[in-house]
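K.L.:
my questions concern the predicted model and sequence given below.
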Amino acid sequence: MVGLGLGQQGDTGGRIPGGRVPGGGGAPNGGTRLARRFVRTLPAILIALGLVFDVITPPSFTGSPFFSAAPLVAAPLFAVGTTALTGALASLAVIALHIYNGTSWKVEALTELVTVLTVSGLALLINRVVRRSGEQLASARGIAETAQRAVVPTPADRIAGLRIAARYEAAEADAFIGGDLYAVQDTPYGVRVAVGDVRGKGLGAVEAVAVVLGAFREAAEQEPALEGVARRLDRALAREGVRRDSLDAVEGFTTCVLAEIPRGTGALRIVNRGHPEPMLLGPDGSLVVLHPGEAALPLGMGELGSWPDRAEEWPFPEGATLLLYTDGLSEARDAAGEFYDPPARLRGRVFPGPQELLDALVTDVRRHTGGGTTDDMALLALARPGAGRPVPDRTGGAVRRRVTPRRAPRGDRG
């Protein structure tokens with residue numbers, strides 16, 4: 001086995017550091033949050049502007065448009081009580097100004113008051129509609145999250161001596177369940193892992209996720225080689241695509257990375273089918289991106305071409321952590337359209353365990369995007385126990401090699 005030089009920094013893979021997408025929309029950043037705070041104070045500002053405008057201008061001018069706009073702005077932003085209070089304050093401001101100007105007996109004064117009261121009533125109706133829509137959205141998100149947990153259960157914290165953490169972050173502005181998936185299974189051949197992303201959202205994506213995970217759990221127990229697991233997943237998606245036209249038409253492919261950690265070897269085997277590359281984080285803060293030697297099509301795209309899957313082997317030293325993720329992480333963008341760069345953000349950092357790694361990663365992504373993501377994000381981290389204080393490895397670059405299928409070992413599972 002050739003040593004893995006975790007001390008050498010791997011490249012960033014996939015994205016050009018500092019690269020921007022012109023016009024790319026991301027989640028709100030700090031500047032947008034400031035704009036939101038300004039909008040929430042806008043009803044009070046409008047009432048104040050109406051008062052000032054009415055006082056400093058001739059009697060033929062009126063601040064009624066400012067007073068009418070205030071409750072309309074408050075309607076989608078605040079609760080019904082605050083919206084009603086805004087309308088009441090705007091109406092009182094109209095009455096006070098006409099008393100101050102000595103025009104309360106004129107028809108124009110009554111007309112302005114009725115206008116503001118009517119608009120305030122409409123604002124309360126708008127508020128009710130917006131709140132009901134928000135409740136329906138929250139209910140839909142709750143159902144989607146429950147379905148997600150049922151289809152993609154969180155793995156145990158420890159499996160076969162490995163420390164494990166998983167995290168699923170739903171898109172901030174989406175009520176539909178996504179197609180991100182992960183699974184960890186202890187098998188006769190070691191711990192096997194799958195992380196993938198089904199194209200599409202909604203119930204169709206749930207069906208495809210269930211197909212992939214069901215096929216993985218069965219194949220992981222039966223196939224002696226990781227390549228065989230990939231072929232079984234491919235066949236399962238093709239079979240379901242024929243049986244259900246909706247699955248083939250909407251969720252036509254699935255990107256997926258399969259990993260295998262045999263017992264007692266300190267090795268890691270990877271088959272990557274068009275998925276973002278996993279990363280190996282060393283106990284000294286070093287990081288290596290596990291690029292595949294050859295690009296491969298995602299699962300479910302066998303009609304476009306096929307070639308044999310080949311697992312690639314990497315050393316998995318003690319104290320190292322394997323991080324797998326979906327493209328919701330690497331494609332998270334800030335307001336300027338800059339992609340989040342996981343290798344650049346994580347290189348040089350040391351974490352006590354896999355859960356702390358995922359917590360820090362999610363926090364950093366939220367800081368980068370300004371609060372949320374536009375796509376679902378699945379994260380899975382597996383850590384090998386360390387042996388004492390980590391010592392930087394200076395043996396050179398990472399080396400991978402091809403592995404051939406093996407026969408199933410005799411005996412019970414360890």
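P.N.:
On my side now, so go ahead.

K.L.:
how about the nearest residue to F66, chain neighbours excluded?
P.N.:
With sequence-adjacent residues excluded and distances taken as CB to CB, 6 or more residues apart in numbering, F66 is closest to G50, at 3.2 Å. Any C-beta I mention is one placed from the backbone N, CA and C, and that applies to glycine too.

K.L.:
burial count for the one you found?
P.N.:
Residues lying near G50 (other CB atoms under 10 Å) number 24.

K.L.:
helix or strand: which one has it?
P.N.:
Assigned by DSSP states H and E, G50 belongs to helix 42-56.

K.L.:
same check on G214?
P.N.:
Taking DSSP H and E as the definition, one finds G214 inside helix 203-222.

K.L.:
quick check: mean pLDDT of that helix?
P.N.:
Here helix 203-222 scores 87 as its mean pLDDT.

K.L.:
show me which positions of the next helix or strand after that helix end up buried.
P.N.:
Next along the chain after helix 203-222, taking DSSP H and E as the criterion, comes helix 226-243. Buried residues in helix 226-243, counted by 16 or more other CB atoms under 10 Å: 226-234, 236-238, 240-241.

K.L.:
now the helices for this protein?
P.N.:
Here the chain has its helices, by DSSP state H, at 30-40, 42-56, 64-74, 80-101, 107-151, 203-222, 226-243, 245-250, 327-330, 342-346, 354-369.

K.L.:
mind putting those helices into CSV with distance to A267?
P.N.:
Shown next, in CSV, are the helices of the chain (distance: least, CB to CB, whole Å):
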stretch, distance to A267
helix 30-40, 44
helix 42-56, 60
helix 64-74, 61
helix 80-101, 61
helix 107-151, 31
helix 203-222, 17
helix 226-243, 12
helix 245-250, 35
helix 327-330, 26
helix 342-346, 22
helix 354-369, 19
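
K.L.:
to L287, which of those lies closest?
P.N.:
Evaluated over the helices of the chain, closeness to L287 peaks at helix 342-346, with 5.7 Å, by CB to CB.

K.L.:
how about the closest one: buried residues?
P.N.:
Across helix 342-346, burial judged by 16+ other CB under 10 Å covers P342, P343, R345, L346.

K.L.:
looking at the residues you listed, which is nearest R37?
P.N.:
R345 (27.4 Å).

K.L.:
give me the neighbour count for the residue nearest to the closest one when sequence neighbours are not counted.
P.N.:
Nearest non-adjacent residue to R345, counting by CB to CB, 6+ apart: D364, 5.7 Å away. D364 has 16 neighbours, counted by other CB under 10 Å.

K.L.:
next one: the one 5 residues further on
P.N.:
Counted with other CB under 10 Å, the neighbours of T369 add up to 20.

K.L.:
G121 too?
P.N.:
G121 has 13 neighbouring residues, counting by other CB under 10 Å.

K.L.:
D180: neighbouring residues, count only.
P.N.:
Neighbour count of D180, defined by other CB under 10 Å: 25.

K.L.:
contacts only, for it.
P.N.:
When contacts are counted by CB atoms under 8 Å, 6 or more residues apart in numbering, D180 touches V152, Y168, G196, D197, V198, T326, G328, D376, M377, A378.

K.L.:
if I look at it, how far off is L323?
P.N.:
D180 sits 15 Å away from L323, going by CB to CB, to the nearest Å.

K.L.:
gap between stretch 269-282 and the chain center?
P.N.:
Here the centre of mass of C-alpha atoms in stretch 269-282, compared against the chain's by CA atoms, centre = their mean, to the nearest Å, lies 18 Å away.

K.L.:
picking up where we left off before, can I get the buried residues of helix 226-243 in CSV with pLDDT and distance to G134?
P.N.:
Below are the buried residues of helix 226-243 laid out as CSV (pLDDT from 0 to 100; distance: CB to CB, whole Å):
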residue, pLDDT, distance to G134
L226, 94, 46
E227, 93, 48
G228, 93, 48
V229, 94, 43
A230, 92, 43
R231, 91, 46
R232, 92, 43
L233, 92, 39
D234, 88, 42
A236, 88, 39
L237, 85, 37
A238, 82, 41
E240, 74, 36
G241, 69, 37
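
K.L.:
output those in JSON lines; the columns should cover distance to G264.
P.N.:
Listed next are the buried residues of helix 226-243 as JSON lines, based on distance: CB to CB, whole Å:
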{"residue": "L226", "distance to G264": "17"}
{"residue": "E227", "distance to G264": "22"}
{"residue": "G228", "distance to G264": "22"}
{"residue": "V229", "distance to G264": "21"}
{"residue": "A230", "distance to G264": "24"}
{"residue": "R231", "distance to G264": "27"}
{"residue": "R232", "distance to G264": "26"}
{"residue": "L233", "distance to G264": "27"}
{"residue": "D234", "distance to G264": "30"}
{"residue": "A236", "distance to G264": "31"}
{"residue": "L237", "distance to G264": "33"}
{"residue": "A238", "distance to G264": "36"}
{"residue": "E240", "distance to G264": "37"}
{"residue": "G241", "distance to G264": "39"}
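
K.L.:
which one of those sits closest to V350?
P.N.:
Nearest to V350 among the buried residues of helix 226-243 is L226, at 29.5 Å by CB to CB.

K.L.:
make sure that closest one is actually in contact with V191.
P.N.:
No - in this structure L226 lies outside contact range of V191 using CB atoms under 8 Å: 11.6 Å.

K.L.:
what's the overlap in contacts for these two?
P.N.:
With CB under 8 Å, 6+ apart, L226 and V191 have common neighbours E260.

K.L.:
tell me how far the helix holding G50 is from the chain's mean position?
P.N.:
Taking the mean of its C-alpha atoms, helix 42-56 sits 42 Å from the chain's own mean (CA atoms, centre = their mean).
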